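K.L.:
fold the following, please.
(2 chains)
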There are 2 protein chains.
Amino acid sequence: MWYSIPISFAVLALLTVLILSYRQTIFAYPSGGGAYIVAKDNLGVSAGLMAGGSLLVDYILTVAVSSSAYLFVLAVFLLIIGGGYQWMTGNIHASAPAYGIAIPGVTVFLLLKAFSSGCSALTGVEAVSNAIPNFRAPAERNAAKTLIMMGMILGSMFMGISLLAYAYGVSPKAEETVVSQIASAAFGRGFMYYFIQTTTAIILFLAANTAFAAFPLLAFMLAKDRFMPNMFMVRGDRLGFSNGIIVLATLSALLIIISGGDTENLIPLYAIGVFVPFTLSQAGMMKRWITRKPSGWILPFVINTIGMLTTLTVCLIFLFTKFSQVWFIFLFLPAVIFIFRKINQHYQDLADELRLDITMDKPQPKGSVIVIPVAGITQVVRNSISYAKSLTDDVVAVYVGFDDESVKKMEKKWEEWNPGVRLIVLRSHYRSVVRPLMKFIDTVEWKKAETDHVTVLIPQFITNKWWHNLLHNQTSLLIKAYLFARQDVKIATVPYRLKK
Amino acid sequence: MWYSIPISFAVLALLTVLILSYRQTIFAYPSGGGAYIVAKDNLGVSAGLMAGGSLLVDYILTVAVSSSAYLFVLAVFLLIIGGGYQWMTGNIHASAPAYGIAIPGVTVFLLLKAFSSGCSALTGVEAVSNAIPNFRAPAERNAAKTLIMMGMILGSMFMGISLLAYAYGVSPKAEETVVSQIASAAFGRGFMYYFIQTTTAIILFLAANTAFAAFPLLAFMLAKDRFMPNMFMVRGDRLGFSNGIIVLATLSALLIIISGGDTENLIPLYAIGVFVPFTLSQAGMMKRWITRKPSGWILPFVINTIGMLTTLTVCLIFLFTKFSQVWFIFLFLPAVIFIFRKINQHYQDLADELRLDITMDKPQPKGSVIVIPVAGITQVVRNSISYAKSLTDDVVAVYVGFDDESVKKMEKKWEEWNPGVRLIVLRSHYRSVVRPLMKFIDTVEWKKAETDHVTVLIPQFITNKWWHNLLHNQTSLLIKAYLFARQDVKIATVPYRLKK
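P.N.:
Numbering: from 1, shown residues only, chains lettered A, B, ... in the order given. Below you'll find the model as predicted:
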């Protein structure tokens, strides 16, 4: 048992170095200095992507590991509730003050894990550096204070538990956590034991919560630089910001299912996934000091160097001692970076394609013809024609008839109604509505595309009860699906709200 | 074993009466005389719906029972393949000649079941009566011929198997079918045994196949009378006609999953579900003869009466002897009829709402204003403006900016470009694009709705690779989702095909 004490002190030293080193990053990057930004800024895009990709995967692992460590079903529920809660209240501004509280939780839990499987974790440090602009002004000072406070809480909790474990003679077991053993030994299985166990469960929830706050932020930064899909950039709108949360929840749930809830083996991978960006970030800071050489740069440079060497050493230890659980990083990290690059290339191609010569490329109006498929003479058709005639004089109504009788009846009624719009009647022998309609639109395209925009008007019933949707809009959907597959036809959806 | 012979003769007599009775229906209703139509025509809508609802549920049971009777997984695959095949080639005209072949299968299988759990089945009879117009001309003569041929094939196969079973001393077992036992006894477990087993498996497939052909047809008839959703009426278009098949496959798969593949208990329910419409249909024919009294109506009337009494007796036998497995019909039949009525009421309300006074209600064009949300100055924006200006002179571009810098830059660039369209700039402090946009559209609505139609143009990227969709169109989707929830805004989707 004696060696738990030196290990604890080593972890504490690591924590101190890291906090001091990252404190400098906060002041150097007051607008947000996560590993992605610092590495990209100082070491180039590839290093940045390596740090960013590593962290993104790590957040997924955080949620998976912390969700599946305890009772599996409960954890999934917590994940779902947590995700759902975030989705509903998902506003980075409102939840920012919670950072300082949420982070200790993360790392307490993770340091307990570290006690058994090496010293990993500390993503909270990264989360604070990334989220500086979300702190109250003066942001960098408050972020640095949070960081140090976090380090002190973490350190004292961790040392306390280590010493207690030593005092009670408790060592890690697969079936019972250290905290559970200590609590059980200290208080018996009474009120306090369950209080501490419940608290630990809540801490687990908070660990996942930190990842849920940090993942969308990092995804946003990568999306802003065009390495991830646009959708992660829509931050302000609830539905939009939740993209990151949904993706994180889905991927980590998948990971839990694939690993069958047994995520113990993921911990070394998880650890190396944290220490790679730490190392890159601090190497970036070293480069920065050497390049800029501000007055008194030697001490900060030394601190960052010690930090970098420490985390690099941890990386190498994991790599050599747990290669069998860690080799996967050599597959997924290049894969993630490849995807980043591929997405970036696509957006660059797109920008080239959409670029506009401001002096030459002016809008060029053409004529316009509007096609309205009609199934009879109703208020909906009247509504559509009224709208179409407000846009152009060239409006055509199209009716698909299955037999002579219905065709004649329709033609006669249309003439009587005389809405001021031509009616084209198509005969369909095989009861298909869509095929003759598409052929007709082909013909219109072929005749008019040079001089006119061709628009197809589709009425859309807005129903009062959701199940009424099953009773309407099916043909509209069908026609839309066919039209979407074409290049050049514009589709205008004209809503018609039903009263009943 | 001796009693298997009289039971067999009873079943044969039942079959003969039914075939003769239905033969008369075919000639009375040459355009299709299923139980739904005959009952509705002669006994009123309620009787028709009872027959139709009963049959629809029965087709679902047919697929569930015949799919799960043999090896469960294989059967589900057959169902999926069968459903998929029907979906791809799902054309009632092409598959109609297969009726005569498919139907013996159904009923052979079902009569084997009948051997153990009473005499049920015979949906094939119903399917032929419903599908008369799909036969080659002279349709009713060919349908009647098919019916009699079917009866003879069924009868001789059934009698043959019964006699063989008696000769070999075979009785039904839970773990092995009668056919399997006979085949095994007659040929040993050699080539012929597996040939017959394979054939039986194919017959199972065909049994499901008949339901797959009959269900959409009946659903079409009910939809035509506005008792089922419109979507079942779209027969000619592949995607449309497959609605019936998809719904049938889904519901029967659900039924198999709910019952855990153990569909034995469904057989009495299934039987009563067939005999209720048989009874109603023949009662309808009786009413018809009494009402019309054509020359020589007495004999047909007597035949239909005997048929009706026979099927009614079977119904009552099931009801009294197997009430515990059959009581469910008193729940689902009223429920199905309630749903039919509810749907019908909705469509009637709709028709009232959409009815148009042909002399008074003419289209009334108004002015038109088009709103184009823009995120920058690109070819897409140029494309949208070109289109908008082809429709109206009143075009407004809206830009949502997050900070002063981007807003000023956009305003300056827009002025330089000078596309002939006003730019309205909205400032968003919370990085929301949608909320300020919706507010702006509210204002436009409020100002203009009286005199103008308000249209919002949304560009839609048509991508070359499916995964590129993940990189585009997210904001468009978001805006569309918000706009769809509103009553009065028209949405025009302007496609922009990407080259790369």
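K.L.:
would the helix or strand containing A:A481 count as contacting chain B?
P.N.:
A:A481 belongs to helix A:474-484 when elements are defined using DSSP states H and E. Yes: against chain B, helix A:474-484 shows contacts by Cβ under 8 Å from any Cβ of the partner chain at A:Q474, A:T475, A:L478, A:A481, A:F484. C-beta here means a position set from N, CA and C on the backbone, and glycine is covered the same way.
K.L.:
can you lay out these as CSV showing pLDDT and neighbour count?
P.N.:
Rendered in CSV, the data for those read as follows (pLDDT from 0 to 100; neighbours: other Cβ atoms under 10 Å in any protein chain shown):
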residue, pLDDT, neighbour count
A:Q474, 73, 19
A:T475, 78, 21
A:L478, 79, 19
A:A481, 79, 11
A:F484, 77, 13
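K.L.:
just the closest of the residues you listed to chain B, please.
P.N.:
A:Q474 (3.9 Å; Cβ to the nearest Cβ).
K.L.:
before we move on, the earlier item: name the residues that touch the helix holding A:A481?
P.N.:
For helix A:474-484, the surrounding residues in contact (Cβ atoms under 8 Å, 6 or more residues apart in numbering or on different chains) are A:373, A:375, A:433-434, A:437-438, A:441, A:456, A:458-460, A:489, A:491, B:229-231, B:234, B:237, B:239-240, B:243, B:460, B:462, B:495.
K.L.:
and those residues, which are buried?
P.N.:
With neighbours counted by 16 or more other Cβ atoms under 10 Å in any protein chain shown, the contacts of helix A:474-484 contain buried members at A:373, A:433-434, A:437-438, A:441, A:456, A:458-460, A:489, A:491, B:229-231, B:234, B:237, B:239-240, B:243, B:460, B:462, B:495.
K.L.:
from those residues, which land in strands?
P.N.:
Assignment to strands by DSSP state E places the following of the buried ones among the contacts of helix A:474-484 there: A:P373, A:V456, A:I458, A:P459, A:Q460, A:I491, B:Q460, B:I462, B:P495.
K.L.:
so what's the fourth one bridging to?
P.N.:
A:P459 has the following beta-bridge partners by DSSP bridges: A:V494.
K.L.:
so what's it up against?
P.N.:
A:V380, A:V381, A:N383, A:S384, A:S476, A:T493, A:V494, A:P495, A:Y496.
K.L.:
distance-wise, check the last one relative to B:D349.
P.N.:
Think A:Y496. To B:D349, A:Y496 is 14 Å away according to Cβ to Cβ, to the nearest Å.
K.L.:
how about low-confidence regions in the stretch 1-150 of chain A?
P.N.:
Per-residue confidence for the stretch 1-150 of chain A (pLDDT under 70) gives these ranges: A:1-8, A:66-69, A:71-124.
K.L.:
re earlier: need the max-distance pair from the ones in strands among the buried ones among the contacts of helix A:474-484.
P.N.:
Across those, the longest distance by Cβ to Cβ is 23.3 Å; it joins A:P459 and B:I462.
K.L.:
mind listing what's buried in the host helix or strand of A:L49?
P.N.:
A:L49 belongs to helix A:45-68 when elements are defined using DSSP H and E. If you call a residue buried by 16+ other Cβ under 10 Å, then helix A:45-68 has these buried ones: A:45, A:47-68.
K.L.:
same question for stretch A:442-460.
P.N.:
A:V444, A:E445, A:K448, A:D452, A:H453, A:V454, A:T455, A:V456, A:L457, A:I458, A:P459, A:Q460.
K.L.:
quick one: contacts for the residue positioned nearest the centre of chain A?
P.N.:
Compute the mean C-alpha point of chain A, and by Cα atoms, centre = their mean the closest residue is A:G244, 1.7 Å away. In this structure, A:G244 makes contact with A:F215, A:P216, A:L217, A:A219, A:F220, A:F232, judged by Cβ under 8 Å, 6+ apart.
K.L.:
and these as CSV, adding secondary structure, neighbour count and distance to chain B?
P.N.:
Putting those into CSV (DSSP: H, G, I helix; E, B strand; the rest coil; neighbours: other Cβ atoms under 10 Å in any protein chain shown; distance: Cβ to the nearest Cβ, whole Å) gives the following:
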residue, secondary structure, neighbour count, distance to chain B
A:F215, helix, 26, 17
A:P216, helix, 26, 12
A:L217, helix, 21, 13
A:A219, helix, 25, 13
A:F220, helix, 21, 10
A:F232, helix, 24, 9
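K.L.:
where do the strands sit along the stretch 351-500 of chain A?
P.N.:
Using DSSP state E, counting those that start in this stretch, the strands assigned to the stretch 351-500 of chain A run over residues A:367-374, A:395-401, A:422-427, A:452-462, A:490-497.
K.L.:
okay, the first one in PDB with CA atoms only?
P.N.:
Output in PDB follows, covering the C-alpha atoms of strand A:367-374 (Å, rounded to 0.1, in the frame of the first residue of the first chain):
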ATOM      1  CA  GLY A 367     -39.500  35.900 -67.600                       C
ATOM      2  CA  SER A 368     -41.500  33.500 -65.400                       C
ATOM      3  CA  VAL A 369     -44.000  30.800 -65.900                       C
ATOM      4  CA  ILE A 370     -45.800  29.100 -63.100                       C
ATOM      5  CA  VAL A 371     -47.300  25.600 -63.300                       C
ATOM      6  CA  ILE A 372     -50.100  24.600 -60.800                       C
ATOM      7  CA  PRO A 373     -51.000  21.000 -60.600                       C
ATOM      8  CA  VAL A 374     -54.800  20.800 -59.800                       C
END
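K.L.:
for that strand, what is the average pLDDT?
P.N.:
In this model, strand A:367-374 has a mean pLDDT of 93.
K.L.:
next one: that strand to chain centre, how far?
P.N.:
Averaging C-alpha coordinates over strand A:367-374 and over its chain gives two centres that are 41 Å apart (Cα atoms, centre = their mean, to the nearest Å).
K.L.:
direction included, what does that strand pair against?
P.N.:
Strand A:367-374 has the following strand partners under DSSP bridges: strand A:395-401 (parallel), strand A:452-462 (parallel).
K.L.:
so which of the ones you listed gets nearest A:A211?
P.N.:
Comparing these against A:A211 with Cβ to Cβ, the closest turns out to be strand A:452-462 (39.6 Å).
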